[in-house]
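[1] Provide a 3D model corresponding to the input given below.
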Amino acid sequence: MRIHHLIVGPLEVNCFLLHDEASGEGWLIDPGDDADDILDLIRRTGARVTRIINTHAHFDHVLAVPRVQAATGATFHLHREELPVLAWAPAAAQAWLGLTWGPPPSVDGYLEAPGTLSLGNTTLEIRHVPGHSPGSVMFVDHAGRRAWVGDAVFAGSIGRTDFPGCSYPLLIASIRDQILSLPDDYTLYPGHGPFTTVGRERRTNPFLQG
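    Coordinates of the predicted model:
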């Protein structure tokens, strides 16, 4: 599986295209904005995008979903507990960016955690990591020793917990139970900022000490 990465939107969201070259099928994680750039990447890779799987539904992670769906026919998938967050996204986009956007896209299927998804020969484990939002999930590729963690944890920091549906104690518990339970050498792909590893965050993240 090939992994392609774009930084999209004014809040610089990490968007990923997972491309199974054997079958040609591709999945998008968190197409947050800049739909033209995302669609150009899809054209350049030749991927046949069939699914959009989001770590969560804050507006900066979903703005490009409708246009990508219209261009590719991909289905859109979230954890069920993110539905209120998705409904709030147009108001949040207006408040943060002065952007008129909406209505939000319909969800075609729910991500069940614990659970798994398979793209070609790659299996992704779905883990529930609430705290930054109630239905935040992460995707773990154990064979590739990597995980897409959304806004749960960043290099040297953690996700915000001052939005509706957030909880700082729950986020810390989620990180410890679901992310720090992975081996130290696993690469972490957060929703914003540089990539990191489980071990680096375990040792140096000031929010995770003690």
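
[2] Check the separation of the first and last residues in stretch 110-121.
    22 Å (CA to CA, to the nearest Å).

[3] Disregarding residues adjacent in the polypeptide, which is nearest to the residue nearest the centre of the chain?
    With distances taken as CA atoms, centre = their mean, residue 55 lies nearest the centre of the chain, 3.2 Å away. Closest residue to residue 55 apart from its sequence neighbours, by CB to CB, 6 or more residues apart in numbering: residue 150 at 2.8 Å. All C-beta atoms are positioned from the backbone trio N, CA, C, and that covers glycine.

[4] returning to that earlier point: residues touching the residue nearest to the centre of the chain, list them.
    Shown in contact with residue 55 (CB atoms under 8 Å, 6 or more residues apart in numbering): 29-30, 61, 136-139, 148-152, 191.

[5] if we can go back for a sec, which strand residues bridge the residue nearest to residue 55?
    residue 190 (DSSP bridges).

[6] Residue 6 versus that one, what's the distance?
    16 Å (CB to CB, to the nearest Å).

[7] Looking at those two, which is more packed in?
    residue 150 (27 against 20; other CB atoms under 10 Å).

[8] how near is the more buried one to residue 157?
    13 Å.

[9] Can you give me the neighbour number for the closest residue to residue 53 other than its chain neighbours?
    The shortest distance from residue 53 to any non-neighbouring residue, by CB to CB, 6+ apart, is to residue 77 (4.9 Å). When counting by other CB under 10 Å, one arrives at 19 neighbours for residue 77.

[10] Likewise for residue 185?
    By other CB under 10 Å, neighbour count at residue 185 equals 10.

[11] Pull the contacting residues for it.
    Contacts of residue 185 by CB under 8 Å, 6+ apart are 145, 197, 198, 199.

[12] Using ChimeraX, define a selection of the buried residues within these.
    Buried subset of these, written as a ChimeraX selection, criterion 16 or more other CB atoms under 10 Å:
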select :197,198
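
[13] residue ranges for the strands of the protein, please.
    2-8, 13-19, 25-29, 48-53, 75-78, 109-110, 115-119, 122-128, 137-141, 146-150, 153-154, 157-158, 187-190, 196-197 (DSSP state E).

[14] Grab the longest helix from this protein for me.
    Among the segments of the chain that qualify as a helix by DSSP state H, the longest is helix 83-97.

[15] Can you mark which positions in that helix are buried?
    83, 85, 86, 88, 89, 90, 92, 93, 97.

[16] The residue nearest to residue 53 contacts residue 57, doesn't it?
    No: using CB atoms under 8 Å as the test, residue 77 is too far from residue 57 to be in contact (10.8 Å).

[17] on that earlier part again, out of the buried residues of helix 83-97, which comes closest to residue 37?
    residue 97 (17.3 Å; CB to CB).

[18] Could you report the separation of the closest one from residue 41?
    23 Å.

[19] Same question for residue 110.
    In terms of CB to CB, residue 110 sits 27 Å off from residue 41.

[20] Those two: which is more packed in?
    With neighbours defined as other CB under 10 Å, residue 110 and residue 41 compare such that residue 41 has more, 20 against 15.
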